[in-house]
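> give me the fold of what follows.
(one chain, ligands or ions: 1)
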Amino acid sequence: MPQEINNVVVLGIMKATGNLGPYIVSGLVTAGFRVTVLSRNQPDSNAVISAAAEVLQSDYTYPSLVEAFKSQDAVISTIATMNVQQQVRIIDAAVAAKVKRFIPSDFGSDSSVEGEEHVTGFLKDKQEVVRYLRTKEADGLSWTSLCTGPWVDWLLEEGHGLLGIDIRSKTATIIDSGNQEFTTSTMPMVTKATASILLRPEETKNKYVHVDSFTLTQNLLLEAVERVMRTKFSREKTSREDLLALATKHLEEGDYDNGYYEMVNTVVYSGPPVSLFPGRAIQGKKLLGLVEAEDLDEVVKGVLAKIEKS
Ligand SMILES: NC(=O)c1ccc[n+]([C@@H]2O[C@H](COP(=O)([O-])OP(=O)(O)OC[C@H]3O[C@@H](n4cnc5c(N)ncnc54)[C@H](OP(=O)(O)O)[C@@H]3O)[C@@H](O)[C@H]2O)c1
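Numbering: from 1, shown residues only. Just a heads-up that it's a prediction; the model follows:
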């Protein structure tokens, strides 16, 4: 039976070091979709984008977006966290171009839970986008939001004290007891889940879908890193409360570089329901047919290999 969704446009991607976009593009190409990349810019010479994807430039004005979305079945937005509100115009253009499915730039904590916006302002912005998407269902645009938790491999590789574990300096900042459980996914899980959503358009229509690779604690993750590296990390301690105050202060002062990373850590270790959702992830993986188990030590080995190469 032919797939309902064949042509997919991914927008927000051209960063040289590639956060989410390049992974999604490569996963979709592997799954057999015809992929177009939409960017405000010319491809960066360092950008790692699958050669099989067509690249289109757009100034993100409404007419340029409608033109770019014509004959596309799905739009996947990987727009930067701080710019998610811009998706309203992008959604309007998708409706006008008769796109069937929109996947908004969520890809993190469980933003389906109402009343938890105090955990971080990022949640509120992302929820507002989904509320807007719901108003477009009657116009024929369906949506799916993917909740993955933090990407354990990507965050460990990125550094900047993310997850409170710095592989390069062999240091850790343990947040509270280090025993708070959190739901986390690897980049292979995130990309496979995204492709699976488009391969199952009916089952995933107009809903949040959750996935995970592991339920971890900071202590369990640090033990795995130390085991694989055969090294003991030096440890400091902080509280989530102090970290939240620091993150809020930095963001208010416009110090995005520090504030963003600190805020991510406060969210990761905030517990249920935003950052711990194993039951929903089991249901989501069942829906998407994702059955392969992953091995944490192998994930850590992959991260170390990438860091050594860089
Ligand atoms: N779960 C996790 O661990 C985790 C980690 C990181 C990110 N995320 C989530 O994943 C999603 C994507 O994040 P990311 O880190 O991949 O984003 P990013 O790399 O910071 O930005 C992605 C792209 O957004 C576009 N963009 C940036 N500012 C823009 C603007 N003002 N107007 C239009 N486009 C703009 C740019 O693409 P062009 O220049 O090509 O237009 C940029 O390369 C977000 O929802 C984020 O919250 C989750």
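
> any idea which helix or strand carries the nearest residue to Asp212 once chain neighbours are set aside?
Of all residues not flanking Asp212 in the chain, Ala281 sits nearest, at 3.7 Å (C-beta to C-beta, 6 or more residues apart in numbering). All C-beta spots, glycine's among them, are computed from the backbone N, C-alpha and C. Element membership for Ala281 (DSSP states H and E) is helix 278-288.

> buried residues in that helix?
Buried positions in helix 278-288, judged by neighbour count with 16 or more other C-beta atoms under 10 Å: 278, 280-281, 284-285, 287-288.

> what's the answer for stretch 220-227, then?
Quick answer for stretch 220-227 (16+ other C-beta under 10 Å): 221-222, 224-226.

> now do it: distance to the chain's middle.
From the chain centre to the centre of stretch 220-227 is a distance of 23 Å (C-alpha atoms, centre = their mean, to the nearest Å).

> swap in stretch 235-252?
In terms of C-alpha atoms, centre = their mean, the centre of stretch 235-252 is found 23 Å from the chain centre.

> for the lowest-mean-pLDDT helix or strand in the chain, name the packing helices and strands.
When the helices and strands of the chain are scored by mean pLDDT, DSSP states H and E, strand 54-57 comes last with a mean of 86. If contacts are counted by 3 or more C-beta pairs under 8 Å, 6 or more residues apart in numbering; DSSP states H and E, strand 54-57 sits against strand 34-39.

> and the spatially closest residue to Ser275 that is not a sequence neighbour, what does it touch?
Using C-beta to C-beta, 6+ apart and skipping the chain neighbours, the partner closest in space to Ser275 is Phe182 (4.8 Å). Counting by C-beta atoms under 8 Å, 6 or more residues apart in numbering, Phe182 touches 149-150, 215-217, 268-269, 271, 275-276.

> and Phe233, how far from Ile175?
To Ile175, Phe233 is 14 Å away according to C-beta to C-beta, to the nearest Å.

> please apply the same query to Val267.
11 Å.

> excluding its backbone neighbours, what's nearest Glu236?
Going by C-beta to C-beta, 6+ apart, Glu236 has Thr173 as its nearest residue, at 4.9 Å.

> could you confirm Ala51 falls within a strand?
No. Using DSSP: H, G, I helix; E, B strand; the rest coil, the secondary structure at Ala51 is coil, not a strand.

> so which of the buried residues of stretch 220-227 comes closest to the ligand?
Closest approach between the buried residues of stretch 220-227 and the ligand, by C-beta to the nearest ligand atom: Leu221, at 13.5 Å.

> pretty sure the closest one is touching Pro150, no?
No. Assessed by C-beta atoms under 8 Å, Leu221 is found out of contact with Pro150, at 10.5 Å.
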